[in-house]
Every structure is written in structure tokens, then in C-alpha cells.
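Chemist: Below are the sequence and a predicted model; questions follow.
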Amino acid sequence: MRRTKIIATLGPATSKPITIEKLVLAGVDLFRLNYSHQDHASHEQAILNVREISTKLGIETGVIADLQGPKIRLERFRKGKIVLKENDPFIIDTALAPSAGNQKRVGVTYKKLAKDVRKGNILLIDDGRIELIVEKVVDQEIHCRTIVGGTLSNNKGINLRGGGLSAKALTDKDKADLVHAIHNEVDYIAVSFVRSASDVKSTRSILKKLKVRTKIIAKFERIEAIHNAEEIIEAADAIMIARGDMGVEIGDAALPPVQKRLIGMAREMDTAVITATQMMESMIGSQTPLRAEVFDVANAVLDGTDAVMLSGETSVGRYPVKVVQTMVKICEETEKQSSIRTSDHRINTRFEKIDEAIAMATMYTANHIGASAIVALTETGSTCLWMSRISSGIPIFGFTRHLSTMRRVKLYRGVYPIFFDVTTIESVDVNNMIIQDLVQANLVKEGDLVIITRGDLSGRRGGTNNMKVIRVKAATWYNY
């Protein structure tokens, strides 16, 4: 069973229900909605399509609402584009009208940009394809000289090398989008351009006011986030290593070690982690990936990422189903490596929670007795998350009565949700029913060892306090 999860971004190429169904069958675990594009009605229809298809197939699939954040962009040119040559002077004018750009100057969406930059700063435009050096700042005008030229068209993104932009993570648009996403019961909210834990906490505060427990993904795109990584990971439920804008700010050569460090930190701190951006970029227009892309996906799997994400490959690409199938093969082949099935995660750590200690003891026991399956009776999915931090080849089945929990744990590496309403079953019969379900689904067979974790009180949050090892018998009903 594939342990690494796959996230696919929905868009024009994948808006039809039949395509979404094919993606789920191909192996997509969660869908991402990019709120930088399309309107609320389009996102609402996409969520409805995902939910209906999940019900039809009997496969619960998670939904991530990815907020745009303070993406800083140039405004528009009168003629649509210009060409900048090396040493050409150019002005970014924060007071210029949105469509008044010309060969000499252009406006910008972030009106405080002139206060955030100074002489000598490097501005990177269009994912770093064009570089400008700031020569001086005069009131609202940023006077630059072109270092690397090229064609510059409308609405291109702009970054400051080394970071330092003061724009807040949540804009007014983001807040409206967040309310819309929550109203439509998404499973995760991804916050863009996070700088510190306060950006995560402010989002959490809004969710509390809305009286929802939706999980938060903090996106690492700014250099400040790297400096504040520990506090951000602690505050968030998951992180996304968004390598596009991050690469522009810190330089592409610095990305690999940063990615490895963030994955390691997230796992150590019991937080889920997503690796994203340009993983299979060439397959937007090609049916086969570059070998470098194959290595990229494989390395993320080897490093321990919970999920790998597709963006343009599925939102606008020509072969969305093919790219998912290709990614599945890469993940499955990479997961055969024995090196990623062992772990010394937190082996010398004191556990403050009983349910967390049970989760860790379960994984240690399972790895050392050759268990075939692990079952966590769970309300919130926390036990599954803790278990999934331990590298292992043993599948973890999250038995839960909540559809929201089923969708949430789809993000966790090596965790597979199964609907199971423990509140309708006598306590003495619960283990029997669990084994029956596993046998009937051909997930275990006679002679296999299964470890079950549960609490004394059914349906109680944070109540996991015992673990039981069961050997599967030939009968279809078991008495333990």
C-alpha cells in the first residue's frame, strides 16, 4: 500500500466530475483549491463534485483551501508588455494607476513596497526571470536598474531577495475566502506567505470565532518563515514547503538542504508536511517526466514527506490523470527501500500524554513483532498522526465515525481511514468487529498479528489508553 499521499490541484483541466473521479481512482488522496484563481462559485462546485464522487466511490478524499495571501504583483502595462534590457532604468511606482504601465514605469499591488526596500536591494520579478537593483527610493517611487532583462508582462509576481516585506499573511480577500471555504466544510486551510507563528495564530483565532476545528497548513514561502521554523511548525497542524517563492527569495541552490531540514523538523515535532511546486512540471505538456523530476519526488519520499503535491500539472495540464499515475509509481517504487522503514523517532523522549505514549509504544511493538496491521480507534485522528511519525512499512488504519476525521487523516503518511461507528457496538465486541472488517476487506488473513489501540470510553476525544495484540483466527467471529 502506498504510504506517501498525493495532492492534486483542481482547475480548468480538472473541473469535470468524470475527470475528478479518474483522479481519485488513479490515487489522489486530497484535492487543493487555489483561491488565487477562479471565483467562489467555481470552488463551491468543485467541493460539491469531490464530495459526491467520494460518496459514489466509497473513498473519502480531503479538500485543502489554499488562500492567496499577500502575493505582490506588478500592475498592468498599456500595451500588455514591455522588454527590459540590461542596464535599462525602470521605476516601480506605487502611486501609478493600475493600467498605466509603460516602458519607464509600472504600478504595484502592494502600496507599502517603497517603505520596505532600500538602495542595493534586489527585486526579483516573474519567479526571478527578471532582476532589478534598487538605486534609490523617492517618496512612492522605487528607482531601479535592470540586472537581468527580458519580456515583462502584466501582473507578474515580485519578490525581495533575502525577504523583508512586511505584508500581513491574511488579506481582506483571504478572510472572505476563508469564510467561504469554512462554509463549504473544507478539511484544511493553507495560509500563504507565513512569516511567524502569529500568522498561524491569527488564522486559528478566526476559526475559533467561526466555531470550527479546521486544520491549518502553514506555507513556507518566505525567508522569515525559515528563520522562525520551529515556532511556526509548533503552531500549525501541517506545513507546506512551497518551493516557488521560497526559491526566489533564498536562491534555488539553497532549497534542497532547507527542504530536508523542514521535513525532518516537522516529523520530529509531530506535524504533517507537504512538499510542493514543480514536482512534475514538464508533464503539464508531456506524457513522460524528466528524470530529474523523478529523482525530486523520490528524494522527498526518502526524506519522509507526508505528501507530494501537483499544481499546474493537474490544474491546467494536458495529462492530469497520467501525471498522478506516474507519481504513484515513483512513490511506490521508492517506498520499497528498507532505509525508510526504520526509525528512532523520539526514542529518548518523555511523553506528556497517555494517548501519545500508547501510539509510540504501538509502533515500537508493531515494528518488532512483525505486525501486519495497526488499528487506531480515533475521534480526531491525533493517534494516527503520532503513529505516522514513526517510519514503518506497516499500514495504520484509522477507524473513526467522523467523515471529517477520515478526510483529515488522508494527509498522514501511511494512514488509511475506515468508517467505523464505535458508539453503536458493545464494548466487548469492538475488537471482534474490527478484525472482521479487516478480514472481509482482505487487509489481513489468518495468522496475522494486528495491534488495536482504543480508549475505555467509546467516542471520547483523547481517551486512547490501551493497546492489544491480536492474532487473526480462521473464524469470522472472535472472542478475546
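Modeler: The structure has been received and is ready for your questions. It should be emphasised that the depicted structure is a prediction, and the values quoted were computed from it without experimental measurement.

Chemist: List the contacts of residue 381.
Modeler: The contact partners of residue 381, by CB atoms under 8 Å, 6 or more residues apart in numbering, come to 398, 400, 405, 408-409, 412, 415. Just so you know, the C-beta spots here come from the backbone N, C-alpha and C atoms, and that holds for glycine as well.

Chemist: so which of these comes closest to residue 261?
Modeler: Lowest distance from residue 261 to the contacts of residue 381 (CB to CB) belongs to residue 412, with 20.6 Å.

Chemist: Just list the residues touching the residue nearest to that closest one when sequence neighbours are not counted, thanks.
Modeler: In this structure, residue 412 finds its nearest non-sequential neighbour in residue 388, 4.2 Å apart by CB to CB, 6 or more residues apart in numbering. Listed by CB under 8 Å, 6+ apart, the contact partners of residue 388 are 272, 306, 396, 412-415.

Chemist: now for those residues, which pair is the farthest apart?
Modeler: 272 and 396, at 13.4 Å, using CB to CB across the contacts of residue 388.

Chemist: quick one, strands of the stretch 101-250 of the chain?
Modeler: 105-106, 122-125, 130-138, 141-148, 150-153, 158-160, 188-191, 215-220, 238-242 (DSSP state E, counting those that start in this stretch).

Chemist: Same question for the least confident helix or strand in the chain by mean pLDDT: list its buried residues.
Modeler: None of the helices or strands of the chain scores lower by mean pLDDT, DSSP states H and E than helix 354-369, at a mean of 88. Within helix 354-369, the residues that qualify as buried by neighbour count (16 or more other CB atoms under 10 Å) are 355-360, 362-363, 366-367.

Chemist: so can I have a markdown table of these showing distance to residue 332?
Modeler: Converted to a markdown table, the buried residues of helix 354-369 look like this (distance: CB to CB, whole Å):
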| residue | distance to residue 332 |
| --- | --- |
| 355 | 31 |
| 356 | 30 |
| 357 | 32 |
| 358 | 30 |
| 359 | 26 |
| 360 | 27 |
| 362 | 25 |
| 363 | 22 |
| 366 | 21 |
| 367 | 20 |
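
Chemist: how near is residue 400 to residue 423?
Modeler: Distance, residue 400 to residue 423, using CB to CB, to the nearest Å: 11 Å.

Chemist: Between those two, which is the more surrounded one?
Modeler: More crowded of residue 400 and residue 423, by other CB atoms under 10 Å: residue 400, with 25 against 7.

Chemist: And for stretch 240-254, what's in contact with it?
Modeler: 124, 127-128, 157, 159-163, 190, 192-193, 217-223, 225-226, 255, 258-259, 262-263, 273-278, 309.

Chemist: switch the cut-off to 7 Å
Modeler: Residues outside stretch 240-254 that contact it (CB atoms under 7 Å, 6 or more residues apart in numbering) are 124, 127-128, 159, 161-163, 190, 217, 219-223, 255, 258-259, 262, 273-278.

Chemist: burial of residue 81, as a residue count?
Modeler: For residue 81, using other CB under 10 Å, the count is 12.

Chemist: so who does the nearest residue to residue 359 once chain neighbours are set aside touch?
Modeler: Excluding the flanking residues, the one nearest residue 359 by CB to CB, 6+ apart is residue 386, at 3.8 Å. By CB under 7 Å, 6+ apart, the contact set of residue 386 is 270, 356, 359-360.

Chemist: Am I right that residue 386 falls within a helix?
Modeler: Yes: judged by DSSP: H, G, I helix; E, B strand; the rest coil, residue 386 forms part of a helix.

Chemist: separation between residue 137 and residue 223?
Modeler: Per CB to CB, residue 137 is found 21 Å from residue 223.

Chemist: quick one: which of those two has more around it?
Modeler: Legend: neighbour count by other CB under 10 Å for residue 137 and residue 223, higher for residue 223 (23 against 19).

Chemist: Hmm, residue 158 is touching residue 70, no?
Modeler: No: counting by CB atoms under 7 Å, residue 158 stays clear of residue 70, with 11.3 Å between them.

Chemist: These two - which one has more neighbours?
Modeler: Higher neighbour count among residue 158 and residue 70: residue 158, with 21 against 17, using other CB under 10 Å.

Chemist: What's opposite that one in the beta bridge?
Modeler: residue 125 (DSSP bridges).

Chemist: center of the protein - which residue?
Modeler: Nearest to the mean C-alpha position of the chain, by CA atoms, centre = their mean, lies residue 274 at 4.1 Å.

Chemist: Where does that one sit, in terms of helix or strand?
Modeler: For residue 274, the enclosing helix or strand under DSSP states H and E is strand 272-276.

Chemist: Can you give the distance of that strand from its chain's centre?
Modeler: Averaged C-alpha coordinates place strand 272-276 at 5 Å from its chain's average position (CA atoms, centre = their mean, to the nearest Å).

Chemist: Can you spell out which helices and strands pack onto whichever helix or strand comes after that strand?
Modeler: Reading on from strand 272-276 to the C-terminus, the next helix or strand found by DSSP H and E is helix 291-303. Using 3 or more CB pairs under 7 Å, 6 or more residues apart in numbering; DSSP states H and E, the elements in contact with helix 291-303 are helix 320-334.

Chemist: how about 8 Å then?
Modeler: Helices and strands touching helix 291-303, by 3 or more CB pairs under 8 Å, 6 or more residues apart in numbering; DSSP states H and E, are helix 255-268, strand 307-310, helix 320-334.

Chemist: rewinding a little: what's the closest of the contacts of residue 381 to residue 97?
Modeler: Set against residue 97, the nearest of those by CB to CB is residue 408 (45.4 Å).

Chemist: Residue ranges of each domain in this structure, please.
Modeler: Here the chain is described, according to automatic domain parsing, as comprising the domains 5-69+168-335, 81-160, 354-471.

Chemist: quick one: low-confidence ranges for the stretch 301-450 of the chain?
Modeler: For the stretch 301-450 of the chain, the stretches with pLDDT under 70 are 340-351.

Chemist: Kindly recompute the last result at 90.
Modeler: Scanning the stretch 301-450 of the chain for pLDDT under 90 picks out the ranges 337-361, 364, 367-368, 390-393, 427-428.

Chemist: and if you look at the stretch 51-200 of the chain?
Modeler: For the stretch 51-200 of the chain, applying pLDDT under 90 flags the ranges 71, 127-128, 155, 162-169.

Chemist: can you give me the helices in it?
Modeler: Secondary structure of the stretch 51-200 of the chain, counting by DSSP state H, counting those that start in this stretch: helices at 113-116, 172-183, 197-209.

Chemist: quick one: buried residues of the last one?
Modeler: Going by neighbour count (16+ other CB under 10 Å), the buried part of helix 197-209 is 197, 199-200, 203-204, 206-207.

Chemist: again with the shortest one
Modeler: Across helix 113-116, burial judged by 16+ other CB under 10 Å covers 113-114, 116.

Chemist: and it, what does it pack onto?
Modeler: Checked by 3+ CB pairs under 8 Å, 6+ apart, helix 113-116 has strand 141-148 packed alongside it.

Chemist: Now tabulate the contacts of residue 381 in JSON lines and tack on distance to residue 456 and secondary structure.
Modeler: Listed next are those as JSON lines, based on distance: CB to CB, whole Å; DSSP: H, G, I helix; E, B strand; the rest coil:
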{"residue": "398", "distance to residue 456": "19", "secondary structure": "strand"}
{"residue": "400", "distance to residue 456": "17", "secondary structure": "strand"}
{"residue": "405", "distance to residue 456": "20", "secondary structure": "helix"}
{"residue": "408", "distance to residue 456": "24", "secondary structure": "helix"}
{"residue": "409", "distance to residue 456": "22", "secondary structure": "helix"}
{"residue": "412", "distance to residue 456": "25", "secondary structure": "coil"}
{"residue": "415", "distance to residue 456": "23", "secondary structure": "strand"}
